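Undergrad: starting from these lines, generate the structure:
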Amino acid sequence: MGKLFSLKEWLTIDDAARHLSTVLGEDVTNADVLRLGLDGRLRLSIQFVNHTKGRCGKVVTWDETDWRLAPEPNFTGDEQMEQDVPGLTDQCRTNPPKLQALYDEICESERGKYCRRLLNLIIDDERFLVLSDDLTVLEGVWDLPMIGNELRHVESKYHDLTGGPSIEPGGFFAGAFVEGLDGEICQIQKRRDNKKLQSGLKAELEDLKHHSAQMMVLDPLKDWAADDEALPHRAGENRKKFMDEGKARLATYYPAGALPEDAVIVVRTEALKVFEQTLNSAPAAKPEGHLNHDPVLQQRANQIAEDQKAKGLRVTRDKVAKLLAKELGMTQETVVRRIRKDW
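TA: Numbering: from 1, shown residues only. Next up is the predicted model:
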């Protein structure tokens, strides 16, 4: 491993491919690097060349989720649950505290008239994302958690390099995400285009001019000079009114369907070191709190799950994470992020 490599915090995909070619003793292409990222073998990152905006939040467990009950005579609670939270209809799963508190405020005979709606984003059946209402400026290098359209972004780049089919727009409804080293997840935001506003204002002035020209034909004896001079003022008043009405729209951000085109996919040198260690059958633990899966913790989690099953106890990831966190002196939230339900 060269000294320069150790000094760098991240490498471009080109440089990462050259480095891995040296380490593995065989040719590694840019497409190979992206494929390793898509397969979950190598953590990929993104460098924001120009800063962008995002809504950041934290990963929570099922028991920490937020809910709302809404009167809906056409749906029962269970039917709405299947619609809004696919894969979470396990009959053995108890209601999270905040949802149960809402039910407790309603007569049991009336509960079927309400549908339950999850207010958090779903990562999987055990992890949920609570996003802040505030916007955060995102700059520098962030990791790609591969839970939304950032995966489709990388996959599109991969197909471009391999001559594969183009990736259709759309995908994960909640947008594209990035992750900080502290485990913070951010949803990329995009500002609504104001071109329609600009074109609408120009059209307003043109309409005023057209109307004035028509009136000059209908009433040629009238002195229209004063009106012509007032046109910019009238257009300006309309502009102010239009701007006032559109302020909320101009200030509104929405989840971006993909990563910014001017952002560059990179690989942290630390991620390359972790990958190299996994090749030697010595997986290194991820930074604490990181969303990525940790094979070492997973192995111990599987053992705890088997022990619980042997005792005839119901096994959930939250329960296993709680036991493992106590054993290792870590937080339950950190463990949940780094294990999967493989039992």
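Undergrad: my hunch is that residue 23 is in a helix, does that hold up?
TA: Yes. Assessed by DSSP: H, G, I helix; E, B strand; the rest coil, residue 23 belongs to a helix.
Undergrad: list the contacts for it?
TA: Applying C-beta atoms under 8 Å, 6 or more residues apart in numbering, we find residue 23 in contact with residue 276. Backbone N, C-alpha and C define where each C-beta goes, glycine included.
Undergrad: can you map out the helices along this structure?
TA: Under the criterion DSSP state H, the chain contains helices at 3-7, 13-24, 30-38, 77-84, 97-104, 149-162, 195-218, 225-251, 269-279, 295-310, 317-328, 332-338.
Undergrad: got the buried residues for the last one?
TA: It refers to helix 332-338. Buried residues in helix 332-338, counting neighbours by 16 or more other C-beta atoms under 10 Å, are found at 332-338.
Undergrad: and that helix, how far out from the chain middle?
TA: Distance, stretch centre to chain centre, for helix 332-338: 19 Å (C-alpha atoms, centre = their mean, to the nearest Å).
Undergrad: quick revisit: looking at the helices of the chain, which one has the lowest mean pLDDT?
TA: Note on these: lowest mean pLDDT is at helix 77-84, with a mean of 44.
Undergrad: the stretch 1-150 of the chain: strands as residue ranges?
TA: For the stretch 1-150 of the chain, the strands defined by DSSP state E, counting those that start in this stretch occupy 10-12, 45-60, 67-71, 114-118, 121-122, 128-131, 136-143.
Undergrad: these two touch, right, residue 16 and residue 273?
TA: No. Residue 16 lies out of contact with residue 273 (C-beta atoms under 8 Å); the separation is 11.9 Å.
Undergrad: so between the two, which is more surrounded?
TA: Set residue 16 next to residue 273 and count neighbours by other C-beta atoms under 10 Å: residue 16 wins out with 28 against 14.
Undergrad: what residues are up against that one?
TA: Contacts of residue 16 by C-beta under 8 Å, 6+ apart are 33, 266-267, 272.
Undergrad: swap in residue 320?
TA: Applying C-beta under 8 Å, 6+ apart to residue 320 gives the contacts 301, 304-305, 308, 339.
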